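Peer 1: fold the following for me, if possible:
(2 chains)
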Amino acid sequence: MASPIEDEIQAEIAQHKILIYGKGTKAMPMCGFTRETMQFFDKYGYPYELIDALPNPAKREALTKMTNWPTLPKVFINGQFYGDTDILDPMEKKGEIEPLLKDAFKNG
Amino acid sequence: MMTTHTLTGYVRQALPDAVVSVTDRTGTMDHFSIRVVSDLFKGKNLMDRHRLIYGALSEPMKDGRIHALEIKAETTDGS
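Peer 2: Residues are numbered from 1 along each chain as shown, chains lettered A, B, ... in the order given. Sure, this is the predicted structure:
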């Protein structure tokens, strides 16, 4: 059975087509990788949400377990986990990001 | 902080054939960019390749010797 914290994460993932769990806020990212991830999505112009995982260690732990991925940031697109910019950058080079985002936002 | 040699050793425990190139991004030997070339990545997608590397480096990542890590994972034929 999923814990309340997992339910909360699932709800957030469902609510935001592009969701970054990172360190800090949009106004004040606290880590270079979080900033890089924001810049990555800024290019495309689709709205994204950044949720600060730093103040909530239990949530950070739950996220790590759910994704089997130890580091922040963690990126979800259309409900699916895509790791971080180490994964997104090569996908972008292959031209896979634009269609993925287009598809995610096709119904508004 | 940790040396390139130690870091490479951790990676090779999981991937004995790995060729590891390490870049110190900040001059402090704890923010690294690494490129790992291994044929044990064959048939594995990028996320699973990274999971293998994170698994190999979990100890120095937990104890803080590695503060930040950027990864490139390839096979010898460049895939």
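Peer 1: how many other residues sit next to residue 23?
Peer 2: As the question left the chain open, I've gone with chain A. By the criterion of other C-beta atoms under 10 Å in any protein chain shown, residue A:23 has 21 neighbours. Every residue, glycine included, has its C-beta placed from N, CA and C.
Peer 1: sorry, I should have been clearer: chain B.
Peer 2: When counting by other C-beta under 10 Å, one arrives at 11 neighbours for residue B:23.
Peer 1: residue B:70 too?
Peer 2: 18.
Peer 1: over to the one 4 residues further on?
Peer 2: Residue B:74: 17 surrounding residues under other C-beta under 10 Å.
Peer 1: ok, for it, nearest residue in space, not its chain neighbours?
Peer 2: residue B:37 (5.2 Å; C-beta to C-beta, 6 or more residues apart in numbering or on different chains).
Peer 1: for residue A:58, same thing?
Peer 2: residue A:5 (5.9 Å).
Peer 1: pretty sure that neighbour sits in a helix.
Peer 2: Yes. Using DSSP: H, G, I helix; E, B strand; the rest coil, the secondary structure at residue A:5 is a helix.
Peer 1: for residue 24, give me its contacts.
Peer 2: Chain wasn't specified; assuming chain A. A:30, A:31, A:34, A:52, A:54 (C-beta atoms under 8 Å, 6 or more residues apart in numbering or on different chains).
Peer 1: meant chain B, my bad for not saying
Peer 2: Residue B:24 touches B:4, B:31, B:32, counting by C-beta under 8 Å, 6+ apart.
Peer 1: what does chain B have sitting close to chain A?
Peer 2: B:46, B:47, B:50, B:51, B:54, B:58, B:61, B:68, B:69, B:70, B:71, B:72 (C-beta under 8 Å from any C-beta of the partner chain).
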